[in-house]
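Quick one, fold the following:
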Amino acid sequence: MKSSLFLLALLLLLHGCAPLGHIDPGIDRVQLVDQYLAKHEYSKALALIADISKKDPQALQLEKKRKTILDQLQTFEQQTIAIALKQERKNDWPGAKLTYEEALKKLNTSKPLDEAQESMLKRFQSRMDALKHEELIITGEWLRKKLPLLRSLHASDPGDLIIQWRYSRTENEAKETAQELLKSGKQMLDANNLAMAQRILPLAVELDPALSTDATVTRLDNKLQARKDKKLKDRRRVAQKKDEQTIEEFNRAMAQNKLAEARLHLNQLTPATKASMAAELMQERLDRAMAEYIQEELSIGNSFYRAGEYKQAIKAWENILRLEPDNETVQSKVKRAKKVVRKLNTLQERQKEQ
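A predicted model of the protein is given here:
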């Protein structure tokens with residue numbers, strides 16, 4: 001943005017983009033520059049500064065104003081674009097176009113405004129094209145409903161010339177519309193707008209079954225299949241990346257002996273990866289680690305229980321239940337130990353009371 005502003009100043013310096021005509025040497029040029037700025041006539045202000053002689057008493061003061069002008073110019077460009085975009089969102093396309101034109105009259109040249117206006121015009125043309133396609137589809141759908149009715153009336157009274165004329169005219173209109181739809185469908189395929197092509201091409205075939213659309217329909221099918229394959233490939237790539245991350249987290253949890261977390265990560269693998277040999281080895285590794293851990297905690301709990309350290313025994317056994325909540329043997333041990341602890345607590349309370 002800054003570079004375009006300095007380029008503008010350079011162009012004004014070299015080519016005199018905003019001819020000022022003769023200016024009376026006695027006029028206060030600083031004041032004149034301020035007047036130009038008040039009217040957003042930045043080109044004139046920059047041209048005046050570029051035209052000033054270095055020997056002029058106001059040359060230094062005017063040169064200092066150059067940066068102020070460039071900053072204000074940039075702000076003016078940004079504000080102009082913001083206003084035009086707001087008008088565009090309200091579908092006020094003529095207003096947006098006028099906003100750019102009025103701004104460019106004051107600047108003579110502005111790359112940001114030129115580019116913004118060009119983008120706006122492209123969006124407008126795209127919007128008009130979309131409306132044209134929608135109008136064509138609506139016409140085709142209306143003819144698709146109208147044709148069977150007229151065909152039925154014509155079959156019921158073949159001698160009615162008015163019905164025959166209306167039917168013939170509508171049939172010709174349907175064929176012409178089918179041709180336009182086919183052309184529009186090809187355009188949508190070229191633009192890779194498959195959703196619109198799917199709406200247009202079948203309608204063209206319904207309006208005129210004799211229309212040669214095989215090549216176009218085949219092209220549409222191929223594009224749809226290619227898009228489907230790409231989406232499938234992308235999903236597989238995402239799933240593979242996710243599985244790789246899950247395997248890393250599994251290995252990290254195993255290294256830290258966080259077996260419950262490791263099992264959770266293992267269960268998060270996609271079905272395809274779960275069926276792999278690598279997943280089977282991971283499962284075997286986890287099962288082996290869990291069996292060793294359970295046996296160790298079971299042995300520790302039994303030792304504490306025999307030593308009368310019932311609370312410590314319960315703690316060790318409950319570590320097992322966190323991994324195997326349905327382990328009936330350990331559940332029974334915990335239940336029995338808690339019962340002993342309750343009896344001991346009751347006995348201690350009675351002794352205190354006595």
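
contacts, neighbours, all on C-alpha from now
Fine.

Just name whatever secondary elements the top helix by length along the chain is in contact with.
Longest helix of the chain, by residue count under DSSP state H: helix 111-156. Counting by 3 or more CA pairs under 8 Å, 6 or more residues apart in numbering; DSSP states H and E, the packing neighbours recorded for helix 111-156 are helix 59-89, helix 93-107, helix 161-190, helix 194-207.

So which of those is the most surrounded?
Per-residue neighbour counts averaged over each of these give the maximum for helix 194-207, namely a mean of 20 (mean count of other CA atoms under 10 Å).

could you point out which element follows that one?
Going down the chain from helix 194-207, the next helix or strand is helix 214-255, by DSSP states H and E.

Tyr293: which of the helices and strands packed on helix 111-156 is closest?
Shortest distance between Tyr293 and the helices and strands packed on helix 111-156, using CA to CA, is found for helix 194-207: 57.0 Å.

possible to save the helices and strands packed on helix 111-156 as TSV with distance to Arg144 and mean pLDDT?
Formatted as TSV, the entries for those read as follows, by distance: least, CA to CA, whole Å; pLDDT from 0 to 100:
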stretch	distance to Arg144	mean pLDDT
helix 59-89	35	81
helix 93-107	34	90
helix 161-190	8	93
helix 194-207	6	93
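
how close does the residue nearest to Thr139 when sequence neighbours are not counted sit to Met290?
On the basis of CA to CA, 6 or more residues apart in numbering, the spatially nearest residue to Thr139 that is not a chain neighbour turns out to be Thr177, at 7.8 Å. Using CA to CA, to the nearest Å, Thr177 is found at 72 Å from Met290.

ok, now Leu104?
Using CA to CA, one gets 76 Å for the distance from Leu104 to Met290.

Repeat that for Ile200.
Applying CA to CA, one obtains 61 Å for the distance of Ile200 from Met290.

still on that earlier bit, please tabulate the helices and strands packed on helix 111-156 in TSV, including the columns distance to Ala272.
Rendered in TSV, the data for the helices and strands packed on helix 111-156 read as follows (distance: least, CA to CA, whole Å):
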stretch	distance to Ala272
helix 59-89	47
helix 93-107	53
helix 161-190	35
helix 194-207	31
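
Which of these sits closest to Asp234?
For these, proximity to Asp234 was assessed by CA to CA; helix 194-207 is nearest, at 18.8 Å.

Let's see that closest one as PDB, backbone CA atoms only.
Coordinates of the C-alpha atoms in helix 194-207 are reproduced here as PDB (Å, rounded to 0.1, in the frame of the first residue of the first chain):
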ATOM      1  CA  LEU A 194     -20.600 -29.100 -10.200                       C
ATOM      2  CA  ALA A 195     -23.500 -28.400  -8.000                       C
ATOM      3  CA  MET A 196     -25.000 -26.000 -10.600                       C
ATOM      4  CA  ALA A 197     -24.200 -28.400 -13.400                       C
ATOM      5  CA  GLN A 198     -26.100 -31.200 -11.600                       C
ATOM      6  CA  ARG A 199     -29.100 -28.900 -11.500                       C
ATOM      7  CA  ILE A 200     -28.900 -27.800 -15.100                       C
ATOM      8  CA  LEU A 201     -28.000 -30.900 -17.200                       C
ATOM      9  CA  PRO A 202     -30.700 -33.300 -16.000                       C
ATOM     10  CA  LEU A 203     -33.300 -30.600 -16.600                       C
ATOM     11  CA  ALA A 204     -32.000 -30.100 -20.200                       C
ATOM     12  CA  VAL A 205     -32.400 -33.900 -20.800                       C
ATOM     13  CA  GLU A 206     -36.000 -33.800 -19.400                       C
ATOM     14  CA  LEU A 207     -37.000 -30.900 -21.700                       C
END
